[in-house]
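Participant: please work out how this folds:
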Amino acid sequence: MYYRNRYESINYTGTEVTLQFTGWGTPPGQPDATLSESFKIPVVSAQLFHFYFEEKWKTVWNYFNRNDIPEQFKLNGRMVKVSYDHLTGILTMNIGKKSS
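Facilitator: Numbering: from 1, shown residues only. Take a look at the predicted model:
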């Protein structure tokens, strides 16, 4: 399974970093067991989550593993906004700066 994991800093208001994960899905009407878990992300992503969410990193990891990612959530003092582009298969996480 292939994923492109992009790490970039974007100057959106309140955003410290943007993470993007690219995956793919099964074409409509064609079930394929090999792609049934295409929402899974690379294991190295856990380290990024640990860096930004510290001891609460596992919460974000579990969102991805269950394929149940909220569009917006606050964790470890950071506001996170998530969007998914169905045409490109790119999931984008805008992680806000940590509030004091």
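
Participant: hey, where'd the helices end up in the chain?
Facilitator: When assigned using DSSP state H, the helices of the chain occupy the ranges 45-53, 57-66.

Participant: and the first one, what does it pack against?
Facilitator: Looking back up the chat, that one is helix 45-53. Contact here means 3 or more Cβ pairs under 8 Å, 6 or more residues apart in numbering; DSSP states H and E; on that basis helix 45-53 packs against strand 15-22, helix 57-66. Glycine gets a C-beta too; all of them are placed from N, C-alpha and C.

Participant: one more pass at 7 Å, please.
Facilitator: Counting contacts by 3 or more Cβ pairs under 7 Å, 6 or more residues apart in numbering; DSSP states H and E, helix 45-53 is packed against helix 57-66.

Participant: then the helix it packs on to CSV, C-alphas only?
Facilitator: In CSV, the C-alpha atoms belonging to helix 57-66 read as follows (Å, rounded to 0.1, in the frame of the first residue of the first chain):
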residue,chain,number,x,y,z
TRP,A,57,-0.9,11.3,20.4
LYS,A,58,-2.7,7.9,20.6
THR,A,59,-6.1,9.6,20.4
VAL,A,60,-5.3,10.9,16.9
TRP,A,61,-3.7,7.6,15.9
ASN,A,62,-6.9,5.8,16.9
TYR,A,63,-9.1,8.3,14.9
PHE,A,64,-7.2,7.1,11.8
ASN,A,65,-7.1,3.4,12.6
ARG,A,66,-10.9,3.5,13.1
